[in-house]
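Participant: can't give you the sequence, but here's the structure:
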């Protein structure tokens, strides 16, 4: 069961292994003491936050609520439940939550492989990224939460294919895709648009967090020195566009 528990301030105090597996987390250390907003895995955080506050304040459980969350670079739908936790004096001290995915795994995998998922890397494809973009734009219009589009590419990829072969090129794309996904954690929607072009959609509260993510992605090259047993270090180019500065088209640079 994918379950978790939080204190009265809605900070994580623990989670089940299946919860960690769903988000691709290595351990509870990635979430302990943090709120959903600090982790950044909800494009629309208001519903879940308000539900959790009501559980803490009123002690009334919320059952079978449809919510969305970012997990492994994709916005996913889940059915969430939350219950109050009590201390020895009968006072509410936190909450226990659990959730399930809205689709059966086999149905979801079939849909993703056919329509939203890039077969080579496992990231979102162009259609998946476009669907995610509308959710980010909607949140900007409704609540003013800004987001950025990070375009990541391997500029010399055609030369790499010619020199090392197409099988090596495919393996390099999968290696870089995995590294980008690892950098973004569960705070961004990540996909491959075409060739050696990747994108990440990322909501940010301030430029410091955006710059930090951009720097982590830019440092990927310094961590890849071997691809399929071949000594190799790729060069990555990163361009950033901020939605609020682009007049809605996502194309202007900051």
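Facilitator: Cool, got the structure. Here the structure is a predicted model, which means the values were calculated and not measured.
Participant: okay, domains of this protein per the record?
Facilitator: The record's domain parsing of the chain by automatic domain parsing lists 2-102, 109-245.
Participant: include mean pLDDT when you put these into a markdown table, please.
Facilitator: Shown next, in a markdown table, are these (pLDDT from 0 to 100):
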| stretch | mean pLDDT |
| --- | --- |
| domain 2-102 | 91 |
| domain 109-245 | 91 |
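Participant: could you dump these to CSV with mean neighbour count?
Facilitator: Every C-beta, even on glycine, is put in place using the N, C-alpha and C of the backbone. Shown next, in CSV, are these (neighbours: other CB atoms under 10 Å):
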stretch, mean neighbour count
domain 2-102, 16
domain 109-245, 17
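Participant: which residues of the stretch 51-200 of the chain fall in strands?
Facilitator: Applying DSSP state E, counting those that start in this stretch to the stretch 51-200 of the chain gives strands spanning 62-71, 74-86, 92-101, 147-153, 188-194, 197-203.
Participant: and the contacts of the first one?
Facilitator: Spelled out, it's strand 62-71. Applying CB atoms under 8 Å, 6 or more residues apart in numbering, the contact partners of strand 62-71 are 22-24, 40-44, 47-48, 51, 54-55, 75-82, 99, 102, 135, 186-189.
Participant: report the contact partners of residue 7.
Facilitator: 13, 93, 94.
Participant: against residue 228, how distant is it?
Facilitator: In this view, residue 7 and residue 228 are 45 Å apart by CB to CB, to the nearest Å.
Participant: just residue 38 next, same as before
Facilitator: 37 Å.
Participant: residue 205 now?
Facilitator: Per CB to CB, residue 205 is found 39 Å from residue 228.
Participant: just to revisit the earlier point, to residue 1, which of the strands of the stretch 51-200 of the chain lies closest?
Facilitator: Smallest distance to residue 1 across those (CB to CB): 5.6 Å, for strand 92-101.
Participant: contacts for the closest one, please.
Facilitator: With contact meaning CB under 8 Å, 6+ apart, strand 92-101 is reached by 1-8, 10, 13, 52, 55-56, 59, 67, 76-87, 108.
Participant: same thing with stretch 33-48?
Facilitator: 9-12, 23, 31, 49, 65, 67-71, 75, 80, 132, 135-136, 138-139, 143, 185-188, 203.
Participant: do stretch 16-29 as well
Facilitator: 1-4, 12, 14-15, 30-31, 41, 71-72, 181, 186.
Participant: pick the one among the residues you listed closest to residue 239.
Facilitator: Using CB to CB, the shortest approach to residue 239 within the contacts of stretch 16-29 belongs to residue 181, at 18.5 Å.
Participant: tell me the contacts of that closest one?
Facilitator: When contacts are counted by CB under 8 Å, 6+ apart, residue 181 touches 24, 72, 73, 123, 190.
Participant: and if we set it to 6 Å?
Facilitator: Residue 181 is in contact with 73, 190, counting by CB atoms under 6 Å, 6 or more residues apart in numbering.
Participant: for residue 242, which of the strands of the stretch 51-200 of the chain is the nearest?
Facilitator: Set against residue 242 and scored by CB to CB, the strands of the stretch 51-200 of the chain come closest in strand 147-153, at 5.1 Å.
Participant: thinking again about what came up before, closest to residue 119 out of the contacts of residue 7?
Facilitator: Among the contacts of residue 7, residue 13 lies closest to residue 119 (CB to CB), at 39.1 Å.
Participant: for the residue of the chain most remote from its centre, what are phi and psi?
Facilitator: Each residue of the chain has a distance to the centre, and by CA atoms, centre = their mean the biggest one is for residue 89: 38.8 Å. Main-chain dihedrals, residue 89, degrees, to the nearest 10: phi -100, psi 10.
Participant: how far away is it from residue 136?
Facilitator: From residue 89 to residue 136 the distance is 44 Å (CB to CB).
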